[in-house]
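Asker: give me the fold of what follows.
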Amino acid sequence: MPGTSGVKPPSATALRPYGGGVLLADASVRSLGPADLSACLDLGTDRGWPREERKWAMLLDVGRGFGIDAPDGGLAAAAVLTRTGPTASVSMVVVAERFARQGLGRRVMARALDEAGDAVVSLHTTETARPLYESMGFEFDGGCTDHRGRFTDDGGPAARPIGPPDVARVYELDSAAQGFARRELLRRMLFEAEHVHVTDDGYALGTTQAGVLVIGPVVAADEDQARALIRGIARTTSGDLRLAVDHRFPELSAWCEARGLAVHGPAPRLVLHGKALPGPAEMRFSPYNTALG
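Answerer: Numbers count the residues shown, from 1 in each chain. Below is the predicted model of the structure:
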């Protein structure tokens, strides 16, 4: 079974022929959907990813998944494309360790890009995987710093929990920050969130993923309101938090680190052919997550 510890990887020779002599590199890329959730979780586990069931489930529901079946069961590779308005994000690109270096990641990526059409396509990645995407036409466009830990409160002003009169304003702020309305996706994000906090000109969500409260997006008119939004969500828990701060805001990142949210490395953002993402970037302090932006 994929993702099961202790299974000895097949030899390279054994991987070549299967299903009547078809090479794994020639195996078809198929669509993935909610029924493939368990296989996707196992595939991620194979590469040491946390089992973020809610995250995968949402992406497979609102986006389009693509995968290559493994000859020994489960998935050999996967990727998800989520198109929203004029933009699209590619995420969850993963290849089982025993099938690495066979070009499978490039193949599921290529299929996702075909489906993206003329959208402005972005993704967040690691420095290790960055050369693959740059070889496919992606260009560097900043990124995020991943912060994790337990929040040490500084006693500053905090945002308030959302109330019925605030809902329309949240949709308005999100449209302003993104440069277009993404009502269906935002509705799903609000549904998934345990916490929604607002200021006069900002909002933030808190959503539990694999036992960790993830803060994002953080949309605000200025950095003071961004801090208030983070405080508001952080004060709802005594447990671990995770937050990705856009590189455009180094002072906010330093504040998060001082508040006990340690830096866990960068997540470079790449955009296909260097196209400009819509909307005022100065309002987008943190993405919903690095899978959806």
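Asker: ok, now which ones touch residue 148?
Answerer: Going by CB atoms under 8 Å, 6 or more residues apart in numbering, residue 148 touches 212, 240, 241, 242, 243, 261, 262, 264. Glycine gets a C-beta too; all of them are placed from N, C-alpha and C.
Asker: okay, strands next: where are they in the chain?
Answerer: Under the criterion DSSP state E, the chain contains strands at 30-32, 64-69, 75-84, 87-95, 120-124, 138-149, 160-161, 195-199, 202-209, 212-220, 241-246, 261-272, 284-286.
Asker: out of those strands, flag the one nearest residue 108.
Answerer: Evaluated over the strands of the chain, closeness to residue 108 peaks at strand 75-84, with 4.0 Å, by CB to CB.
Asker: mind listing residues that contact stretch 222-231?
Answerer: Against stretch 222-231 from outside (CB under 8 Å, 6+ apart): 153-154, 156-159, 197-204, 215, 218, 220, 243, 249, 251-252, 255-256, 285-286.
Asker: same deal with stretch 185-194?
Answerer: Looking at stretch 185-194 with CB under 8 Å, 6+ apart, the contacting residues turn out to be 54, 58, 61-62, 82, 84, 170-171, 174, 196, 205-208, 213, 217, 236, 288, 292.
Asker: and those, which are buried?
Answerer: 58, 62, 82, 84, 170-171, 174, 196, 205-207, 213, 217, 288, 292 (16 or more other CB atoms under 10 Å).
Asker: widest-spaced pair of the residues you listed?
Answerer: Between any two of the buried ones among the contacts of stretch 185-194 (CB to CB), the greatest distance is 24.1 Å, for 84 and 213.
Asker: on that earlier part again, let's have the strands of the chain in TSV, adding mean pLDDT and distance to residue 43.
Answerer: What follows is the strands of the chain, written out as TSV (pLDDT from 0 to 100; distance: least, CB to CB, whole Å):
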stretch	mean pLDDT	distance to residue 43
strand 30-32	98	10
strand 64-69	97	8
strand 75-84	97	5
strand 87-95	97	6
strand 120-124	98	18
strand 138-149	97	22
strand 160-161	98	37
strand 195-199	98	30
strand 202-209	97	17
strand 212-220	97	21
strand 241-246	98	22
strand 261-272	96	20
strand 284-286	98	27
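Asker: can you lay out those as a markdown table showing distance to residue 131?
Answerer: Listed next are those as a markdown table, based on distance: least, CB to CB, whole Å:
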| stretch | distance to residue 131 |
| --- | --- |
| strand 30-32 | 25 |
| strand 64-69 | 21 |
| strand 75-84 | 17 |
| strand 87-95 | 13 |
| strand 120-124 | 14 |
| strand 138-149 | 10 |
| strand 160-161 | 44 |
| strand 195-199 | 38 |
| strand 202-209 | 28 |
| strand 212-220 | 27 |
| strand 241-246 | 22 |
| strand 261-272 | 11 |
| strand 284-286 | 26 |
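Asker: rewinding a little: and the contacts of residue 148, which two are furthest apart?
Answerer: In the contacts of residue 148, the most distant members under the criterion CB to CB are 212 and 262, with 13.2 Å between them.
Asker: who has more neighbours out of these two?
Answerer: Remark: of residue 212 and residue 262, residue 212 carries more neighbours, 15 against 11, as counted by other CB atoms under 10 Å.
Asker: OK, contacts around the more buried one?
Answerer: The contact partners of residue 212, taken as CB under 8 Å, 6+ apart, are 148, 239, 240, 241, 242.
Asker: can you rerun that using 10 Å?
Answerer: By CB atoms under 10 Å, 6 or more residues apart in numbering, the contact list for residue 212 reads 50, 52, 148, 237, 239, 240, 241, 242.
Asker: quick check: the gap between the third one and residue 41.
Answerer: Distance of residue 148 to residue 41, given as CB to CB, to the nearest Å: 21 Å.
Asker: can you report phi and psi for residue 260?
Answerer: With angles defined as degrees, to the nearest 10, residue 260 sits at phi 100, psi 0.
Asker: in contact with the nearest residue to it once chain neighbours are set aside, which residues?
Answerer: Nearest residue to residue 260, sequence neighbours excluded (CB to CB, 6 or more residues apart in numbering): residue 152, at 4.1 Å. For residue 152, the contact set (CB under 10 Å, 6+ apart) comprises 234, 258, 259, 260, 261.
Asker: could you check how far residue 152 is from residue 29?
Answerer: For residue 152, the distance to residue 29 - CB to CB - is 46 Å.
Asker: buried subset of the contacts of stretch 222-231 as a ChimeraX selection?
Answerer: Here is the ChimeraX command that selects the buried residues among those (16+ other CB under 10 Å):
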select :158,159,197,198,199,202,203,204,215,218,220,243,249,252,255,256,285,286
